[in-house]
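Colleague: what follows is a protein structure lacking sequence information:
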Ligand code: GDP
Ligand code: IMO
Ligand code: MG
C-alpha cells in the first residue's frame with residue numbers, strides 16, 4: 001500500500017483540486033476527510049472547467065473510488081446538485097461513496113451561520129455561510145444527525161423534527177428572526193436523502209480492504225493549514241482540521257499508516273474572509289496579482305486578499321503537517337513583475353522571530369522581513385515544456401523556496417490545466 005496526503009499549506013485555494021486531479025490517475029481511492037461545501041476546488045481539463053465543493057477531485061479519472069469521509073459535513077441538497085451538475089456534463093459519479101458516519105448539514109445550520117455572522121457585526125469571521133461551523137458544533141455537542149440515521153426513515157424524521165423545533169427556538173428567541181418551515185424542510189430533506197442513500201456506506205470497511213489490497217490512497221484536504229481550528233489564525237478559521245492530523249479521525253485510517261504529505265503552496269499568498277495576514281499587499285501590486293491570478297472565490301465569488309509568499313507561515317505549516325514535499329502552484333501568475341518578494345522572518349517589537357505567533361494581537365504587530373528576487377516574463381514561462389526550460393529567474397525562485405523550506409518542490413504548476421504541470425518527484 002502507498003498513500004499520499006494532498007493539502008493546503010496556506011489559507012485555502014492553493015490549487016488542491018488541480019493537483020489532486022493530476023495525481024488521481026495513480027491512485028485507486030481519493031478521499032475527502034474534512035470540511036464541506038465551503039470548499040471550492042477547480043479542475044480544468046483541456047476543454048472544460050469544473051468546480052467541485054463536496055465530491056473528491058479524483059472523479060474525472062475513470063474507475064476510481066471517490067470517498068466522502070466521516071469527518072466531512074455533508075449538505076445533501078448541495079450534493080444532489082453537484083451530482084446532477086457532473087452528470088449533465090457527462091461525468092459519471094459511479095465511484096462515489098459517502099461515510100455513514102458523516103454529519104448532515106440542514107438549512108437551520110446555514111441560517112444560524114448567517115445570523116451568527118450578522119450578530120458578530122464588526123467581529124464577523126467572514127464565513128462562507130454554508131452552515132459549516134453550526135453543523136460541527138452540533139456534532140461536538142452531540143445533537144447532530146448522521147448519514148446512518150437515514151437507514152431508519154421514521155427515526156430520521158423524528159430526530160430531524162426535534163432538531164428543527166430546537167433550532168427554531170434559537171432562531172426566534174435568541175436571534176429574533178423568522179422560524180424555518182418544519183414540514184417543507186422534512187419533505188425536501190427526505191427527498192434529497194433518498195437520492196443520495198445509494199452512496200452511503202461504512203467507509204471503514206472500504207479503507208480496511210484498501211489497506212489489505214495494497215491499494216494507492218490519496219487524501220484530498222479542503223481549506224488550508226492556517227484555517228485549522230487549532231493551528232490556524234483562530235477565530236478566523238474554519239471548524240475542522242484541514243491538516244494531516246485531521247485524516248486519521250476524518251477518514252477511518254490509522255495515523256501510523258500515513259506515508260507522504262504533499263503541501264500545496266501557491267507561489268504567493270491569498271486569503272478570503274477576515275483575519276490577520278502579515279504579507280498582505282493592499283497596494284496596486286496586490287490588485288495586479290488578484291487580476292492576473294483571477295483571485296476570486298470559487299464558492300462565494302469574493303475577491304481574495306493577496307500578498308507575498310511567507311516562509312514563517314510555511315515553515316510552521318511544514319512542521320505541523322510533516323510535508324515531505326510541496327506542489328508550488330501559480331508560478332505563472334507572478335510573471336512580468338520586476339521584483340518578487342519572499343518573507344523570510346517577522347520583526348516583532350524590534351526583534352527578529354521565525355515562529356508563527358498564536359495571538360492575533362501579536363501577529364498584528366509583526367512586520368515581514370523580505371528578500372527580493374528578480375522577475376521573469378510570462379512568454380518565457382508559456383514557452384517552457386519542461387521544468388528545465390523555465391526562465392532562469394523562475395527556477396531561482398523555486399529553488400530559493402526549496403532552500404528556505406528544506407523540502408523539494410516535487411510539482412511546479414504554471415497554469416490551471418493538467419498539461420501545465422511539471423513533475424520533479426515520485427509519489428506512489
Ligand atoms: P483549491 O480550493 O485549492 O482547489 O483552489 P481553487 O480551485 O479554489 O483556486 C485555485 C485556482 O487557480 C483555480 O481557478 C485553478 O484552476 C487555478 N490554478 C491552479 N493551478 C494553477 C496554476 O499553476 N496557474 C494558474 N494560472 N492557475 C492555476
Ligand atoms: P478551499 O477548499 C479559502 C474560509 C472562509 C472564512 C473561514 C471560515 O476551496 O481551499 P467557514 O465557512 O468554513 O466557516 O469559513 O474559512 N474558508 C476558505 N477559504 N478556501 C476554502 O476552501 C475555504 N473554506 C473556508 O472564507 O474565512
Ligand atoms: Mg478553493
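Modeller: The structure has been received and is ready for your questions. Everything quoted here is computed from the prediction, not taken from an experiment. Ligands and ions are numbered 1, 2, ... in the order given.
Colleague: how about the residue of the stretch 151-300 of the chain found nearest ligand 2: what's its closest non-neighbour residue?
Modeller: Closest approach between the stretch 151-300 of the chain and ligand 2, counting by CB to the nearest ligand atom: residue 273, at 2.2 Å. Bear in mind the C-beta positions are built from the backbone N, C-alpha and C, glycine included. Taking CB to CB, 6 or more residues apart in numbering, and ignoring the residues beside it in sequence, residue 273 has residue 126 as its nearest neighbour in space, at 3.1 Å.
Colleague: now that neighbour: which helix or strand?
Modeller: Under the assignment given by DSSP states H and E, residue 126 is not contained in any helix or strand.
Colleague: which ones are touching the residue of the stretch 151-300 of the chain closest to ligand 2?
Modeller: When the contact criterion is CB atoms under 8 Å, 6 or more residues apart in numbering, the partners of residue 273 are 125-128, 236, 302.
Colleague: one more time with 7 Å, if that's ok
Modeller: With contacts taken as CB atoms under 7 Å, 6 or more residues apart in numbering, residue 273 has the following neighbours: 125-127, 236.
Colleague: and residue 87, by the same measure?
Modeller: Counting by CB under 7 Å, 6+ apart, residue 87 makes contact with residue 93.
Colleague: show me what counts as buried in the helix or strand harbouring it.
Modeller: When secondary structure is defined by DSSP H and E, residue 87 falls within helix 76-88. Of the residues in helix 76-88, those buried by neighbour count under the rule 16 or more other CB atoms under 10 Å are 76-80, 82-83, 86.
Colleague: stretch 149-166 now?
Modeller: Of all the residues in stretch 149-166, those buried under the rule 16+ other CB under 10 Å are 149-150, 156-157, 160, 163-164.
Colleague: now a ChimeraX select for only the buried ones of the contacts of residue 273.
Modeller: The ChimeraX selection below is limited to those of those classed as buried (16+ other CB under 10 Å):
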select :125,127,236
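Colleague: would you turn the contacts of residue 273 into JSON lines with pLDDT and distance to ligand 2?
Modeller: Formatted as JSON lines, the entries for those read as follows, by pLDDT from 0 to 100; distance: CB to the nearest ligand atom, whole Å:
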{"residue": "125", "pLDDT": "95", "distance to ligand 2": "5"}
{"residue": "126", "pLDDT": "95", "distance to ligand 2": "5"}
{"residue": "127", "pLDDT": "96", "distance to ligand 2": "4"}
{"residue": "236", "pLDDT": "97", "distance to ligand 2": "6"}
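Colleague: farthest pair within the contacts of residue 273?
Modeller: Checking the contacts of residue 273 against each other with CB to CB, the farthest-apart pair comes out as 127 and 236, at 9.6 Å.
Colleague: enumerate the residues of the stretch 251-400 of the chain near ligand 1.
Modeller: Counting by CB under 6 Å from any ligand atom, the residues of the stretch 251-400 of the chain close to ligand 1 are 298, 329-330, 332-333.
Colleague: restrict those residues to those near ligand 3?
Modeller: The overlap between these and the neighbours of ligand 3 (CB under 5 Å from the ion) comes to residue 298.
Colleague: run through who's touching stretch 323-333.
Modeller: Contacting residues not belonging to stretch 323-333 are listed as 9, 14-15, 18-19, 260-267, 289, 292-293, 378, 381, 394, 398, 401, 405, 407-415, 425 [CB under 7 Å, 6+ apart].
Colleague: I misspoke; the intended subject was stretch 339-351.
Modeller: Contacts to stretch 339-351, defined as CB under 7 Å, 6+ apart, come from residues 278-279, 308-312, 334, 352-354, 362, 365-375, 397, 400, 404.
Colleague: ChimeraX command to pick out the buried ones of the contacts of stretch 323-333?
Modeller: For selection in ChimeraX, the members of the contacts of stretch 323-333 meeting the burial criterion (16+ other CB under 10 Å) are listed in this command:
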select :9,14,15,18,19,260,261,262,263,264,265,266,267,289,292,293,381,394,398,401,405,407,409,410,411,412,413,414,415
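Colleague: where does the stretch 1-150 of the chain dip in pLDDT?
Modeller: Along the stretch 1-150 of the chain, the model assigns pLDDT under 70 to residues 1.
Colleague: that one: helices as residue ranges?
Modeller: For the stretch 1-150 of the chain, the helices identified by DSSP state H, counting those that start in this stretch occupy 16-24, 76-88, 107-120, 132-141, in order along the chain.
Colleague: check which helices and strands the helix or strand hosting residue 167 sits against.
Modeller: Per DSSP H and E, residue 167 falls inside helix 153-169. Applying 3 or more CB pairs under 7 Å, 6 or more residues apart in numbering; DSSP states H and E, we find helix 153-169 packed against helix 107-120, helix 182-196.
Colleague: between the last one and helix 107-120, how big is the angle?
Modeller: Direction vectors for helix 182-196 and helix 107-120, defined by axes from the mean of the first three to the mean of the last three CA atoms, to 10 degrees, enclose an angle of 120 degrees.
Colleague: mind listing what's buried in helix 182-196?
Modeller: When burial is assessed from 16+ other CB under 10 Å, helix 182-196 yields the following buried residues: 185-186, 189, 192-193, 196.
Colleague: how about stretch 222-229?
Modeller: Counting neighbours by 16+ other CB under 10 Å, stretch 222-229 gives 222-229 as buried.
Colleague: so who does residue 374 touch?
Modeller: The contact partners of residue 374, by CB under 7 Å, 6+ apart, come to 339, 393.
Colleague: now swap in the one 3 residues further on and tell me
Modeller: Contact analysis of residue 377 by CB under 7 Å, 6+ apart lists 335-336, 391.
Colleague: what sits against the residue of the stretch 151-300 of the chain found nearest ligand 3?
Modeller: Shortest the stretch 151-300 of the chain-to-ligand 3 distance, computed as CB to the ion: residue-wise this is residue 298, at 4.4 Å. Applying CB under 7 Å, 6+ apart, one finds that residue 298 lies in contact with 13, 40, 42, 51.
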